[in-house]
Each structure stands twice: as structure tokens, then as C-alpha cells.
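Asker: Generate a structure from the sequence data that follows.
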Amino acid sequence: MMVSLYSAATGMWAQQYKLDTVSNNLANVDTTGYKKIRAEFQDLVYQYYKNAGTPTAQNSTIPTGIYVGHGVRLSATNRIFTIGNLEQTGNALDLAIAGDGFFQIQLQDGRIAYTRDGSFKIDSDGRVVTANGLTLVPNIVIPADAVSINISPDGIVSAEMQDGTIENLGTITLVRFVNPAGLKAIGDNLYLQTASSGDPIEGTPNQDGFGAIQQGFLEKSNVDVVKEMVDMIIAQRAYELNARTIQTADDMLRTVSTLKR
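Answerer: Purely as a prediction, here's the structure:
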């Protein structure tokens, strides 16, 4: 009977974590480039009272055995990198990746982070930066006298100058990973490379399997609100059932403890 108490407790903990994951997904439903997270679970060890295949006195074997499980545990939180819907903004520095790839961003400490958030800005020096002032890699500098900016699907950045000439400002490159789910999220829509993600593979947009850059668009979150709401209801009901299991086991223990001869 004590096994049921602990098993149900692990079930409540698991559903609490699932609810935390769902709430984080819903909170980021409007976050540019956000990728939803899925909580994954595994059953715990089993206590075997009799193994399957155990010989019996009748010269036969037990077909299934007798065993009791000990609950559930969180095994992984898997980030799903499906592409979100592209929303047209008309802003020249709003960039979306229509396919595979990440933008490269240089952090304050010199490390390179990666993002799907292409809502870039221009700082006082003309550099293309994120909303937090972090520089896009490779460094693109917009001249002060530029009239308009054009970014091709291949990542080529050019500017039309006041005298009507076109100046090439550089090329935006993308990177991809063998296992993007292994990237470490550090907030601000940024990820860091880990041993699980593998090394970054750099390439040109719209070539060799990399996605094309869409100027004037932003990639929306890939969170499906309806599915998250359904998952929330399922988690709530499962939590309630596990709590009821604990209550039932407690009632049974109370009955046993009050038995008299």
C-alpha cells in the first residue's frame, strides 16, 4: 500500500512539471522565433515478486510474472524546432529564416550564441544588432547616408545610397546543428552550443539545405495554443487522479490502523 503512495506522489510531481512546461509555452506564444518544449517521461523501476518464465510444479512456466511499478520520472524536455508561421512586417531589418538555420550573435563575453529571432535593429555605429544590442555575426554596418536596405534570400546585404548607387555591405551566413534539440537555451531567444548539439555547420542561406532569408518577415512562435490547452486539461486531471490515489491509500491505511481483535 505504501508503494501506491509513493507512485502517486511521483505522478503528481510529473504532472506539475508538465504543467510548468505548458505554461511556459503559452507564455511565449507571441515570442518571436520561440520553439515549444515537450516534457517526456519514463516509468521507474519495477519490484518483481515472481519473474516471467519461472518454472512451476506442473513442469510449466509462468507466462507473465508478477511485478509492481514504482511511478514515473521526468526523462527529458525536448525542444521542437518546427518552423513557425511567417508574419509580414514590412520592416527592412526584420528577417525570418524559411527553413533550417540560425543567426549568429556575439555575446558580451565574446562567445557566439544562436537564434531564430530576426528582429534586428541598428545601433549608433550603424551595426546590425539585436534588441539587447548584441552584434549580428558577421558584422554588418549600415552607412548613415543609406536610403534603403535590401537583403536577398541568399543573405547578401546591400544599401541604396543617396546618390543612387548600390553598395554591397556583406553577406549574412547561417549555421545549423546535427542535433538542435541539444542546444542550451539561455534566455533572450538565444541558444548556446553544447556537446549534445554538435559543432555549428556554417553555410549560405538558400543553399545546401539552409533556409532562405525572408526580408520584412518575422517567424512567430510554433506553439499550438489549442494543443497546449488540451495538454493543460490532461495534466490537471491526471494530477487530480494521482491526488485521489493518495487519499484512497491513506483511507485504506487508516482502516487497517483502526482494526481491533
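
Asker: so residue 66 sits right up against residue 49, yeah?
Answerer: Yes - the criterion here is Cβ atoms under 8 Å, and residue 66 meets it with residue 49 at 4.2 Å. Yep, even glycine has a C-beta here, placed from its N, CA and C like the rest.

Asker: Summarise which helices and strands the helix or strand containing residue 6 is packed against.
Answerer: According to DSSP states H and E, residue 6 maps onto helix 2-27. The contact analysis (3 or more Cβ pairs under 8 Å, 6 or more residues apart in numbering; DSSP states H and E) places helix 2-27 against strand 37-43, strand 72-79, helix 225-257.

Asker: among those, which is nearest residue 195?
Answerer: Set against residue 195 and scored by Cβ to Cβ, the helices and strands packed on helix 2-27 come closest in strand 72-79, at 15.5 Å.

Asker: what lines up beside that closest one in the sheet?
Answerer: When pairing is defined by DSSP bridges, strand 72-79 lines up against strand 37-43 (antiparallel).

Asker: Next, the buried residues of the partner strand.
Answerer: Buried residues in strand 37-43, defined by neighbour count with 16 or more other Cβ atoms under 10 Å: 37, 39, 41.

Asker: which residues are in contact with it?
Answerer: 14, 17-18, 21, 24-25, 69, 71-80 (Cβ atoms under 8 Å, 6 or more residues apart in numbering).

Asker: looking at the chain, which helix or strand is least sure?
Answerer: When the helices and strands of the chain are scored by mean pLDDT, DSSP states H and E, strand 46-50 comes last with a mean of 82.

Asker: C-terminal to that one, what's the next element?
Answerer: Counting by DSSP H and E, what follows strand 46-50 is strand 66-69.

Asker: can you give me the strands in the stretch 101-250 of the chain?
Answerer: 103-106, 112-115, 121-122, 128-129, 135-137, 146-151, 156-161, 166-171, 174-176, 184-187, 190-192, 201-203, 212-215, 217-219 (DSSP state E, counting those that start in this stretch).

Asker: Which secondary structure elements does the fifth one sit against?
Answerer: Read it as strand 135-137. Against strand 135-137 (3+ Cβ pairs under 8 Å, 6+ apart) you get strand 103-106, strand 128-129.

Asker: Reformat the ones you listed as a markdown table; add mean neighbour count, distance to residue 197 and mean pLDDT.
Answerer: Formatted as a markdown table, the helices and strands packed on strand 135-137 follow (neighbours: other Cβ atoms under 10 Å; distance: least, Cβ to Cβ, whole Å; pLDDT from 0 to 100):
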| stretch | mean neighbour count | distance to residue 197 | mean pLDDT |
| --- | --- | --- | --- |
| strand 103-106 | 22 | 14 | 97 |
| strand 128-129 | 23 | 24 | 96 |
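
Asker: Which of those strands sits closest to residue 173?
Answerer: Closest among these, using Cβ to Cβ: strand 103-106, at 7.2 Å.

Asker: The closest one: partners in the sheet, and parallel or antiparallel?
Answerer: Sheet pairing for strand 103-106, using DSSP bridges, gives strand 112-115 (antiparallel), strand 135-137 (antiparallel).

Asker: Pull that strand out as PDB, backbone CA atoms only.
Answerer: Provided in PDB are the C-alpha atoms of strand 103-106 (Å, rounded to 0.1, in the frame of the first residue of the first chain):
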ATOM      1  CA  PHE A 103      21.500  33.500 -37.000                       C
ATOM      2  CA  GLN A 104      24.800  34.000 -35.200                       C
ATOM      3  CA  ILE A 105      25.000  36.600 -32.400                       C
ATOM      4  CA  GLN A 106      28.100  37.700 -30.500                       C
END
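
Asker: what comes into contact with that strand?
Answerer: 95, 97, 112-118, 130, 134-138, 172-175, 190, 200.

Asker: quick one: low-confidence ranges for the stretch 101-250 of the chain?
Answerer: Within the stretch 101-250 of the chain, no range satisfies pLDDT under 70.

Asker: returning to what we had before: more crowded one of residue 66 and residue 49?
Answerer: residue 66 (12 against 9; other Cβ atoms under 10 Å).

Asker: Kindly state the pLDDT recorded for that one?
Answerer: pLDDT, residue 66: 83.
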